[in-house]
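S.K.: predicted model follows, preceded by the sequence.
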Amino acid sequence: MALYVEAMSVLERAERKEGSLKSLVYRSSFKNVKQLYALVCGVLRYEPVLHQLLESSRLLRSEKRLDRQLAKLLVFDLLLGHGVKCGGRWKVMMKRHAAELGSALARMKVRHGVSTNLDLLTAVGGRAATKEVLLPRYARVNTLKTTVDDAVDYFKRQGFTFIGAADCAQTVDDLKGKRFARDIDVPEVLVFPPKTDLHDDQLYKLGNIILQDKASCLPAFVLAPPPGSQVLDCCAAPGNKTSHLAAIMKNKGKILAVDLSTERVATMSTQLLRAGVSCHRLQCADFLALDPHDPSYARVQYVLLDPSCSGSGMVGRMGGAADRGGDSGGVDGTGQTASSQERLRALSAFQARALRHALSFPGALRVVYSTCSVHQQENEDVVQQALADSAGAFRLVHILPEWRRRGLPVFPGAECCVRADPHEDRTHGFFVALFERNAGGGGGGDLVKPGGGGNGGDVDTAVPSLELRRDLGCPDGQNQEKEEEANGGGTETLVKSGVTEGGKTKKKRKRNKNKRKTCADST
Ligand SMILES: C[S@@+](CC[C@H](N)C(=O)[O-])C[C@H]1O[C@@H](n2cnc3c(N)ncnc32)[C@H](O)[C@@H]1O
């Protein structure tokens, strides 16, 4: 019983903002702080699920004297935690309601088309990201300026201890003091303990490292445009993914980086300069207004779309109205207000339009879509809609096969997408889907499907690598370098007045006919 009494007290005091959850737990008289902390965190995290369970079951109606907060704690432990192990008469009471509550949970999962508790949490807009999650500090090594080995040596010289690969969440959790690791999924990412401040570090100031969350590195990583390719970064500012793309492309080829916001484009320009990016062309424009059939985009084969979203996956940001129902009135069963739902609908409609537009570029062979939202409406729903609209022209690629958290199973093939969860992956909440043009799906150069069959016509289970790049007719780095030398160096310059390219403003439109032919041949 003491566990639940203490947990109620911690939650009440947290509500009154008497301290952080952690400090309140440590200040409590309960001995097993780990157990207490896990319980209160679990209840806060699953709040919307517990709310719906209490609404749809008879527990509170038949147990009139049961406190609502206590009911949430007991229901959490019974269905989502480790079972009600203590609690005397409360334990007996919960036994009476176990079957009905279990059925209510199962019905909820069926209604949302999910099978796991975590997926259910995501589907009902649970607190995937809370203030209480402490994420490690991630630093992406900017391979345009240095190497991972050199960066590791540098930090060792600064007194840090390198522990090798961060092979699991536990290793990441165990990072303390001046220890750091290399990420297991994205090799150019280094992982430091939470709250490590690198803003004053020389490597950061010089642009040799970029302070970028690991999950946010996934879109460029899975898109993997080879050096020499042409990439369209549709909602690019402030340019973290643009500079990552440039690093992957070894600054060879062309990135057309578009953003609507003048201010953010200005910031992006500075950031890209600092990062040593020179293969870009910045454009302050509405991506939706770009004409995909304009000859300037004819050679764009890779597209990265990271549009505005609710940000509900961002740890430390309570997700605004869109995910926490911060407004006063009109909270429905999902814990969201009418206005937050309205905002979510508007965002989702914009994202769907943007993704449809991205897929309409005739030369696009691979298109990556990402958000830092946990909402199905902004993620799986948008992807499903785009696949349907593409009428078989594109399929999903099963990216990062080792990654455990996949797209919510709301349509066949959704498991090809990945989700990142702050609690499970120690990153911000994130979603990534990679589309690839089907053979015969029109556009610039059909793909010979790399090993592994499709799935329902819309899904590819293989992750293409160098093999695919050859199929695409995209030269690998070395060949491209040679090709550029043969063509007098440099990529085709195709710019309009006022557009910034490689950090310089260009006034003229030039054409390198030789180069154009080579590229046309290769697509
Ligand atoms: C999530 S942020 C992009 C972050 C960026 N990809 C990065 O990694 O640094 C979304 C961006 O989309 C831009 N945006 C929103 N609507 C747009 C539109 N219609 N056309 C172009 N950019 C747009 C916003 O100005 C914002 O900078």
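M.R.: Everything's here; your move.

S.K.: in contact with residue 19, which residues?
M.R.: 13, 27 (Cβ atoms under 8 Å, 6 or more residues apart in numbering). All C-beta spots, glycine's among them, are computed from the backbone N, C-alpha and C.

S.K.: run the last query once more with 7 Å
M.R.: Going by Cβ atoms under 7 Å, 6 or more residues apart in numbering, residue 19 touches residue 13.

S.K.: tell me the pLDDT of it.
M.R.: Confidence at residue 19, expressed as pLDDT, is 76.

S.K.: next one: residue 24
M.R.: For residue 24, the model assigns a pLDDT of 86.

S.K.: residue 12 is in contact with that one, correct?
M.R.: No. The criterion here is Cβ atoms under 7 Å, and residue 24 misses it with residue 12 at 9.5 Å.

S.K.: what stretches of the protein score poorly on pLDDT?
M.R.: Per-residue confidence for the chain (pLDDT under 70) gives these ranges: 87, 125-132, 317-339, 441-523.

S.K.: thinking again about what came up before, look at residue 24 and residue 12 and report which has more neighbours.
M.R.: Using other Cβ atoms under 10 Å as the criterion, residue 24 and residue 12 rank with residue 24 on top: 20 against 12.

S.K.: neighbours of the nearest residue to that one once chain neighbours are set aside, just the number please.
M.R.: Leaving aside its sequence neighbours, residue 24 sits nearest to residue 10 (Cβ to Cβ, 6 or more residues apart in numbering; 4.7 Å). For residue 10, the neighbour count with other Cβ under 10 Å is 25.

S.K.: give me phi/psi at residue 10?
M.R.: Main-chain dihedrals, residue 10, degrees, to the nearest 10: phi -60, psi -40.

S.K.: could you do residue 113 as well?
M.R.: phi 70, psi 40.

S.K.: equivalent analysis for residue 16, please.
M.R.: The phi/psi pair for residue 16 (degrees, to the nearest 10) is phi -80, psi 10.

S.K.: I'd say residue 231 and residue 255 touch.
M.R.: Yes. Using Cβ under 7 Å, residue 231 makes contact with residue 255 at a distance of 4.7 Å.

S.K.: shared neighbours of the two, anything?
M.R.: Common neighbours of residue 231 and residue 255 (Cβ under 7 Å, 6+ apart) are residue 245.

S.K.: please point out which parts of stretch 26-40 sit buried.
M.R.: 28, 30, 35-37, 39-40 (16 or more other Cβ atoms under 10 Å).

S.K.: okay, now residue 157: neighbour count?
M.R.: So residue 157, with other Cβ under 10 Å, has 8 neighbours.

S.K.: any idea how far it is from the ligand?
M.R.: Note on residue 157: its distance to the ligand, by Cβ to the nearest ligand atom, to the nearest Å, is 30 Å.

S.K.: could you measure that residue against residue 190, distance?
M.R.: 14 Å (Cβ to Cβ, to the nearest Å).

S.K.: what's the single longest helix in the protein?
M.R.: Longest helix in the chain by number of residues, with DSSP state H as the criterion: helix 89-112.

S.K.: what's the following helix or strand after it?
M.R.: helix 117-123 (DSSP states H and E).

S.K.: is any part of the helix or strand following that following helix close to the ligand?
M.R.: Downstream of helix 117-123, the next assigned helix or strand under DSSP H and E is strand 137-141. No. Judged by Cβ under 6 Å from any ligand atom, strand 137-141 stays clear of the ligand, getting no closer than 11.1 Å.

S.K.: before we move on, what about stretch 245-265?
M.R.: Yes. Interface with the ligand: stretch 245-265 contributes 258-261, 264 (Cβ under 6 Å from any ligand atom).

S.K.: who wins on neighbours among the residues you listed?
M.R.: Busiest of the residues of stretch 245-265 next to the ligand [other Cβ under 10 Å] is residue 259, holding 25 neighbours.
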